[in-house]
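Q: Need a 3D model of the following:
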Amino acid sequence: MSDEPTSSDNAEQTAEAAPTTSKEATPVAGRRAGRQDPSELPRGLSAVERSRAERRKFPKPPWKAAAWFGLVVAVALGLYGYRASSELDGERQVLLSKQRATRAELEPLWAALRGKIESSAKDLAAAPEGDLVEREELSRFPFQQLPGIYLRVRQGQVETAEKLQAAALTASKDAFTACLMRTAGESPIAGAECTRTSECRSGQLCNELNRCARPAQPYNLRLAYRALFVIEEAWAEQVRTTRSDLTLSALAGTFDDVMRSEIPIAIELLSKAQFVLLVIDELPEASVDAADAGPTSEDREVLAGKTWYSRVGLYRLSDGKPLVRMRREVKGQLLGGSRAADPEVEAARLRQARSCALALELRQAVEGSAAAKVTPPPSGSSEPAPSSAPSTAPMPSAPPAASATP
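A: Residues are numbered from 1 along each chain as shown. All right, here's what the predicted structure looks like:
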């Protein structure tokens, strides 16, 4: 027999091999059929994808609803702004009506007094050299015992009314009035501590030493400018133009404080003052030195002994007549006591001594040779007793604030 396979054997082998081939091919086809399109695969983390799916469950509001919501919000904001503006305008009108009533009452007195003071200052600054002393008039007008107004400025600060006002707002009283006047007054450091006048009792002011005290005679013109600025047109314009309720509330509070504590004193100043006493130092306007740079150039000149001339004028307010006009070199020296270690304090003490010496020069011109023997101030007065010699003045240590006035 032959060993070669017959056709029947080949058919059987083919039949057996065919199923095997189909079984082996089935898993591959299944894997290919189970693959997903890359565009359908989730992007990023599964948690993020789930969050996106959750958000898709809530449909976006239609644009009409959004437009209506925006319109309602805009109308509500407009109504609120209109109401707030109406309330602000109402408060503004109330404050302006108070200001107009106060201005109508005080403006005539203040304008007349301010005009006389400005005219007197210009007259003194332009007066020719040579003394004018109306002894006969002064014998019937004891100004040292009368209420009056005091202002000390520099030569360039009397050129215009605006400059004079700016100088008056920063002017401080000095030893000149303390050594000149004979009116009793409170000590400027005896009162309670304060930061504003509203903290003081009625009739008292918070002075430059942050103490409550009644203003001493003569009144510093700064008191009038500081109190009566609320009747000026510039203040009213600030009230009219502000759009902030906080600013308007602050302005109303300032007005109430001034009306309660400072206006009564200003009215007393306007109604009772009988003279204005002016001192014009022939000095340039103070230079602005660097902060915390030690003594100023002017302090150094004072410490070096440099002197200057000052003009002194006494004008009667009832008719504006000058009773005294004089020009003197400001000299003076401290007697007794040790030199202050701080140059600024020492310069302030020297300025105060010179101011006191200038006051003694005026007393001598007014009273004659008898003024060389200065009598002590009345009992209870805060004024120091000056030296018996016009050119010398023993002074206590002056506070640093005194250096603001030459």
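
Q: From now on I want contacts and neighbour counts done on CA atoms only, so please keep to that.
A: OK.

Q: so for stretch 270-280, what's the average pLDDT?
A: Taken as a whole, stretch 270-280 has a mean pLDDT of 92.

Q: What does the pLDDT read for the closest residue in space to residue 236 that isn't next to it in sequence?
A: Nearest residue to residue 236, sequence neighbours excluded (C-alpha to C-alpha, 6 or more residues apart in numbering): residue 96, at 6.8 Å. On pLDDT, residue 96 comes in at 92.

Q: Quick check: residue 203 is in a strand.
A: No - Residue 203 is assigned coil when assessed by DSSP: H, G, I helix; E, B strand; the rest coil, not a strand.

Q: The stretch 301-406 of the chain: helices as residue ranges?
A: 343-367 (DSSP state H, counting those that start in this stretch).

Q: Which stretches in it count as strands?
A: Applying DSSP state E, counting those that start in this stretch to the stretch 301-406 of the chain gives strands spanning 308-316, 322-330.

Q: again with the chain
A: For the chain, applying DSSP state E gives strands covering 132-133, 149-154, 205-206, 212-213, 219-220, 275-281, 308-316, 322-330.

Q: so what does the fifth one touch, helix or strand wise?
A: Applying 3 or more C-alpha pairs under 8 Å, 6 or more residues apart in numbering; DSSP states H and E, we find strand 219-220 packed against strand 149-154.

Q: roughly how far is the strand it packs on from the heart of the chain?
A: 22 Å (C-alpha atoms, centre = their mean, to the nearest Å).

Q: can you check stretch 211-219 too?
A: Counting by C-alpha atoms, centre = their mean, stretch 211-219 comes out at 22 Å from the chain centroid.

Q: what does it rub up against?
A: Residues from elsewhere that reach stretch 211-219, judged by C-alpha atoms under 8 Å, 6 or more residues apart in numbering: 146-150, 177, 181, 183, 185-195, 197, 200-201, 203-207, 269.

Q: again with stretch 136-146
A: By C-alpha under 8 Å, 6+ apart, stretch 136-146 touches 180, 181, 182, 183, 217, 273, 274, 275, 323, 366.

Q: List just the nearest of the residues you listed to residue 71.
A: Nearest to residue 71, judged by C-alpha to C-alpha, of those is residue 273 at 64.9 Å.

Q: ok, that closest one - how many residues close by?
A: 20 (other C-alpha atoms under 10 Å).

Q: Test my guess that it contacts residue 147.
A: Yes - using C-alpha atoms under 8 Å, residue 273 is in contact with residue 147, at 5.0 Å.

Q: For the strands of the chain, give me JSON lines that also has mean neighbour count.
A: Shown next, in JSON lines, are the strands of the chain (neighbours: other C-alpha atoms under 10 Å):
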{"stretch": "strand 132-133", "mean neighbour count": "18"}
{"stretch": "strand 149-154", "mean neighbour count": "24"}
{"stretch": "strand 205-206", "mean neighbour count": "24"}
{"stretch": "strand 212-213", "mean neighbour count": "26"}
{"stretch": "strand 219-220", "mean neighbour count": "23"}
{"stretch": "strand 275-281", "mean neighbour count": "24"}
{"stretch": "strand 308-316", "mean neighbour count": "21"}
{"stretch": "strand 322-330", "mean neighbour count": "20"}
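
Q: could these be laid out in TSV, adding distance to residue 73?
A: Shown next, in TSV, are those (distance: least, C-alpha to C-alpha, whole Å):
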stretch	distance to residue 73
strand 132-133	77
strand 149-154	60
strand 205-206	51
strand 212-213	54
strand 219-220	57
strand 275-281	64
strand 308-316	68
strand 322-330	71
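
Q: between these, which one is nearest to residue 121?
A: strand 275-281 (7.0 Å).

Q: returning to what we had before: make JSON lines from the strands of the stretch 301-406 of the chain and add mean pLDDT and distance to residue 103 to it.
A: Output for these, formatted as JSON lines (pLDDT from 0 to 100; distance: least, C-alpha to C-alpha, whole Å):
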{"stretch": "strand 308-316", "mean pLDDT": "93", "distance to residue 103": "25"}
{"stretch": "strand 322-330", "mean pLDDT": "91", "distance to residue 103": "30"}
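
Q: Quick one: closest of those strands to residue 354.
A: strand 322-330 (5.9 Å).

Q: How far away from the center of its chain is the closest one?
A: Using C-alpha atoms, centre = their mean, the offset of strand 322-330 from its chain centre is 35 Å.

Q: contacting residues around stretch 276-287?
A: 117, 121, 124-125, 148-157, 298, 308-317, 406.

Q: returning to what we had before: so of the contacts of stretch 136-146, which ones are in helices?
A: 180, 366 (DSSP state H).

Q: Out of the contacts of stretch 136-146, which is nearest to residue 239?
A: Distances from residue 239 to these, taken by C-alpha to C-alpha, are shortest for residue 273, at 31.3 Å.

Q: returning to what we had before: surely the residue nearest to residue 236 meets residue 235?
A: No - with contact defined as C-alpha under 8 Å, residue 96 does not count as touching residue 235 (9.9 Å).

Q: which of those two has more neighbours?
A: residue 96 (19 against 14).

Q: Distance of that one relative to residue 313?
A: 39 Å (C-alpha to C-alpha, to the nearest Å).

Q: And residue 232, by the same measure?
A: Taking C-alpha to C-alpha, one finds residue 232 at 28 Å from residue 313.

Q: Now for the residue lying closest to residue 230 once chain neighbours are set aside, how many residues are close by?
A: In this structure, residue 230 finds its nearest non-sequential neighbour in residue 255, 6.7 Å apart by C-alpha to C-alpha, 6+ apart. Residues contacting residue 255 under the criterion other C-alpha under 10 Å number 19.

Q: same question, residue 104
A: 11.

Q: Next: the one 4 residues further on.
A: As a burial measure, the neighbour count of residue 108 was computed by other C-alpha under 10 Å and equals 10.

Q: follow-up on the earlier one: for residue 260, find the nearest of the strands of the chain.
A: strand 205-206 (11.4 Å).
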